[in-house]
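S.K.: what follows is a predicted protein model with its sequence.
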Amino acid sequence: MQSPPKSPKSPKSSGPAPVVDVEQAEAALVEHYPRLVRLAYLVLPPSLGRNRRVLTAHALTQRALPRSRRTGEAVAVPAQRNSGSGGSGGSGGPQGDPAYSYVRLQVVCGALVAGKPLRWRSWPKRAQLPPLLPQVRGLRLFPRSGGADELDLDQRLADLSGAARAAYVLRGMEGLDDDGVYDVLTAAGCDDPEDALDEADEVEERYELLASPEFDPCTLQARPTDLMRRRQHMKAAGVAVAAALVCGALLGMPGDGWGPDGAAAPPYAQNPAGQAALDPAQLRAAPAGAWKRSARTDFSVWPARGNLIGDKELLRRALAVWARPGESVQVSATPGTAAGAPPGPTQLLFAGEVDSARVVLLYDGLRIVRYAEPQEGTSGAALDFARVDGATSAEANAVVVDRADGNIRYLTAPWVRSAAVQDLLKPATKAAALRRSDDGVTEPFAGPAQAGQCTSWNALRLRDHSGAVRMSTDLGELVPAHLTAGRPRAPREATPADWSKSACSLASVRSHGIRSVNSWTYARQALPEGNGVADWACTRAETWRGLGSRTLAEFRTPEGPAGAIAAQAGDSPACGARAPHVLAGVLWKSRAGSWYLLGAGSKNVTSISASGGTRVAGNLLATRTERTAQARLSGRLGDGTKVQTLR
C-alpha cells in the first residue's frame, strides 16, 4: 500500500533546541529500553546474522546516552510532527518527551552507521565493529522464530537500504508521519530522506508484525556454538602454546635444534582427504537401482535425487558451511551426534527446491546432514545433523526435507512404493494417502501434536517394494523413529491399534536421538469390584547412541482414552532385549470410591511384595489401601532374581 503524497518539507524552527541532561536521557532509556532495542534490531541489516544483530542492538542502545556528564546539556532533538498512536508498539512512542527523542535519534544514527560497509581508505567507526559489550561466550542468542509472515517481512526489509528500513520502522513502531520521519533521518545524517521514504513505500504496510517475537531482541533463545569446533580451537590453542614453549627452549640449545625429518602430518588445509571433502566434484552418488542388488538396504544405496543435483555452487556452499558454519548459520544436532566437518568425500542424497528453500541432504556413513538456505540469498541458512550409523531398511525409509508451520515433508527411500499418514489416536480411520513427487518427496502433512495438545498423533505409514508396511513417527529430528510392537526379544511391525493408547506418551521422548520405539502389553489385570479389565503396557525408546534409552510403564483402564504413566526410567535395561521383564504399580480408585494398590509384572515375574508385608504369588497384585499410602513394590523372577519397579 502506497503512502499518501509527501508534502514539501518546511525548514526547522530556529528556536532554541530542547535541553536534555544525562539523567533525563538515562531515565528515558531505562524506561523504554525494550522498545529502543527492538528499533535498533529492526534497522540493523539482517546480513549481520541474528546473534551479532542482537548484541549490536543492545550495544547501540546502551551507548545512546550523552557523553557529557554535565546536567542541563543542550541537545538537538528533531521535531516529530503528527505522531499518531498507530504502529506496532501500541502507543506510538512517548509523545513530547525530548529525552526519549534524543536517545531514539542516537539509536537510529548508530544503526544506520553499523549498516554501512567497511572501506579500506577510512577508519571504521565504532558502530561498524563488533560490540565490545555486551559479549556472550559459548552461546548464540537469537529471538524466537515467528511465522511465514514475519519471515517474509524480514526478507523484504533486508532488501531495503538502511535509511529506507529506518523509515519503515519509524512509521510502524513510532507512529511518525512522513514529516517526522524526514526530520529524524535528516538529524541522523541521512543524505536523501526523500529517497528513503519513497523506497520504504515499496514494502506493504504490515506494521502489526513489528511487534512479533521474531523481532524482539529482549526475549531470546540460547543455543551453544559449535561445540566440536570450540573444542578443536581450545586444543589448537593449547598445542600452539606448547609449541611456542618448545621453540623457545630449542632456540637456546646448541646445535641444529629441530631435526630434518618429522612425523607430523600436514595440516587439514593441505590434507588431500580434507580438500576432497569440500569439492562438489568429489561427491559420491549411488547408481539408480543399486538398492535392488545390494546386500544392505540403508542410506548408502539411496540415489542422488532433486532438481539441483547439478548446481555446483549450491553443493559447494553446503560443503563449506558443513566444514565451517558461520555465526549466522543455525546448527542443530541430535544428542550424541558429532557436528564436525566431513572426514572425506561424502554421498549426495538430495539437492532440490522444497517450498521456499533450497535443500541439500548428505550422508557420510555415520550421519545424515541437511543444509537449507532461502531461495534468495543465504541469510538464515540452517545445518542439521542426525546420527544414523547401523540403520536398517526400516530405519532408512525416510528423511525430513522441510518443516514449516507445523507441517512436514519427507524424502522417501527408493524402495518405498506408497506413503500414507495415519492418526494413531483413531486406529479405525483409514490412512490418508500421501502424494509424492517423482523424486520421492511427499506432500506436506501435519506433524504429531505438541505436548499438552494431544488430540491427534500423525504417523508416517510406508509400504516397501516387498509389500511390508512400516510405521514411523516424527520426534523432532531428521530421521523419524521406527514404531514396533510385541515382546522385546521378538518385536513386530506396529499397527495403529498397538499405539492408540500410547501415542501421546511419545511426546516425552522428543529430541532425544530416538531410533525406534516399542510398545508391549505385558499384563492384563481384572480390576477389583468388577470394574473391568486393565492393561499394563511398557513403552521403550532406543537411541542411536545406545545410551539414553527411555522406558515407560503405562496403566490403561477400560474407560480411559489413553494410558497413565505409572513409572519411568532412563538408561535401564528393563523391558528391553537384554532384560525382558518389567514391574510397576499404581494407586487406583474404584467406581465405589475405594482405593487399591495395584501392581503388575511381566510373565517371568513369579511373586510381588509390597512394603508393609503384603506378598502374593504370580505377577499381579491388588490390595486395599488408603489414598495417602506410599508403598514400594518388588518382585522376583523364577530363578530368584529380585526385580525393582521402574525409577
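M.R.: Right, received. Where do you want to start?
S.K.: isn't R510 up against G476?
M.R.: Yes - the criterion here is CB atoms under 8 Å, and R510 meets it with G476 at 4.6 Å. Placement of C-beta: from N, CA and C, glycine included.
S.K.: the two: who's more crowded?
M.R.: Each of R510 and G476 has its neighbours counted (other CB atoms under 10 Å); G476 has more, 19 against 15.
S.K.: what count of nearby residues applies to L597?
M.R.: L597 has 22 nearby residues by other CB under 10 Å.
S.K.: what's the closest non-adjacent residue to it?
M.R.: Counting by CB to CB, 6 or more residues apart in numbering, L597 lies nearest to T625, which is 4.5 Å off, once chain neighbours are set aside.
S.K.: so M173: helix, strand or coil?
M.R.: helix (DSSP: H, G, I helix; E, B strand; the rest coil).
S.K.: my read is that it contacts L209, right?
M.R.: No - the criterion here is CB under 8 Å, and M173 misses it with L209 at 10.9 Å.
S.K.: more crowded one of those two?
M.R.: M173 (25 against 17).
S.K.: please tell me how far the spatially closest residue to A449 that is not a sequence neighbour sits from A503.
M.R.: Counting by CB to CB, 6+ apart, S456 is the residue found nearest to A449 once chain neighbours are left out, at 5.6 Å. Distance, S456 to A503, by CB to CB, to the nearest Å: 9 Å.
S.K.: okay, and the common contacts of these two?
M.R.: Shared contacts of S456 and A503, defined by CB atoms under 8 Å, 6 or more residues apart in numbering, comprise 425, 448.
S.K.: higher neighbour count, the two?
M.R.: Taking other CB under 10 Å, S456 and A503 do not tie; A503 has more neighbours (27 against 14).
S.K.: what's the distance between the more buried one and R38?
M.R.: Counting by CB to CB, the gap from A503 to R38 is 40 Å.
S.K.: sorry, back to before: ok, the residue nearest to L597 - contacts?
M.R.: The contact partners of T625, by CB under 8 Å, 6+ apart, come to 587, 595-597, 631.
S.K.: can you tell me which of those residues has the most neighbours?
M.R.: L597 (22 neighbours).
S.K.: ok but that residue is inside a strand, no?
M.R.: Yes - looking at L597 with three-state DSSP, it is inside a strand.
S.K.: quick one: T551 and A394, what's the gap?
M.R.: T551 sits 21 Å away from A394, going by CB to CB.
S.K.: how about G560?
M.R.: From G560 to A394 the distance is 30 Å (CB to CB).
S.K.: quick one: which of these two has more around it?
M.R.: Shown here are G560 and A394; by other CB under 10 Å, A394 has more neighbours (19 against 12).
S.K.: L478: neighbour count?
M.R.: Counted with other CB under 10 Å, residues neighbouring L478 total 23.
S.K.: repeat for the one 10 residues further on
M.R.: Residues lying near P488 (other CB under 10 Å) number 22.
S.K.: SS state for it?
M.R.: With three-state DSSP as the basis, P488 sits in coil.
S.K.: ok, it - contacts?
M.R.: P488 touches 518, 520, 540, 575-577, 580, counting by CB under 8 Å, 6+ apart.
S.K.: next one: the nearest residue to S145 once chain neighbours are set aside from P143, what distance?
M.R.: What sits nearest to S145 in space, not counting adjacent residues and going by CB to CB, 6+ apart, is E214, at 6.4 Å. Per CB to CB, E214 is found 6 Å from P143.
S.K.: okay, now the unreliable bits of the stretch 401-550 of the chain?
M.R.: Along the stretch 401-550 of the chain, segments meeting pLDDT under 70 span 450-452.
S.K.: tell me where it has strands.
M.R.: Taking DSSP state E, counting those that start in this stretch to define them, one finds strands in the stretch 401-550 of the chain at 407-412, 416-423, 432-433, 445-446, 458-464, 469-473, 481-485, 492-493, 514-526, 533-543, 550-556.
S.K.: sheet-wise, list the partners of the third one with their directions.
M.R.: Partner strands for strand 432-433, per DSSP bridges, with pairing direction: strand 416-423 (antiparallel).
S.K.: how much distance is there from the partner strand to the middle of the chain?
M.R.: 26 Å (CA atoms, centre = their mean, to the nearest Å).
S.K.: and that strand, which residues are buried?
M.R.: Along strand 416-423, these residues count as buried under the neighbour rule (16 or more other CB atoms under 10 Å): 416, 419-423.
S.K.: what's the answer for stretch 599-612, then?
M.R.: Under 16+ other CB under 10 Å, the buried positions of stretch 599-612 are 599-602, 604-610.
S.K.: in a markdown table: these, plus secondary structure and distance to A567.
M.R.: As requested, the buried residues of stretch 599-612 are exported to a markdown table (DSSP: H, G, I helix; E, B strand; the rest coil; distance: CB to CB, whole Å):
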| residue | secondary structure | distance to A567 |
| --- | --- | --- |
| G599 | strand | 10 |
| A600 | strand | 11 |
| G601 | strand | 12 |
| S602 | coil | 13 |
| N604 | coil | 18 |
| V605 | strand | 14 |
| T606 | strand | 20 |
| S607 | strand | 19 |
| I608 | strand | 14 |
| S609 | strand | 16 |
| A610 | strand | 14 |
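S.K.: of all pairs in the residues you listed, which one is the farthest apart?
M.R.: Farthest pair in the buried residues of stretch 599-612 (CB to CB) is N604 and A610. Separation: 19.3 Å.
S.K.: G548 versus L39, what's the distance?
M.R.: L39 is 44 Å from G548, by CB to CB.
S.K.: pLDDT and distance to K292 for the contacts of T625 - can I get that in CSV?
M.R.: What follows is those, written out as CSV (pLDDT from 0 to 100; distance: CB to CB, whole Å):
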residue, pLDDT, distance to K292
L587, 93, 56
W595, 94, 61
Y596, 94, 58
L597, 94, 57
A631, 83, 58
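S.K.: give me the residue at the spatial middle of this protein.
M.R.: S332 (6.3 Å; CA atoms, centre = their mean).
S.K.: which residues does it bridge with?
M.R.: Going by DSSP bridges, S332 forms beta bridges with D384.
S.K.: hmm, it is touching D384, no?
M.R.: Yes - counting by CB under 8 Å, S332 touches D384, with 5.0 Å between them.
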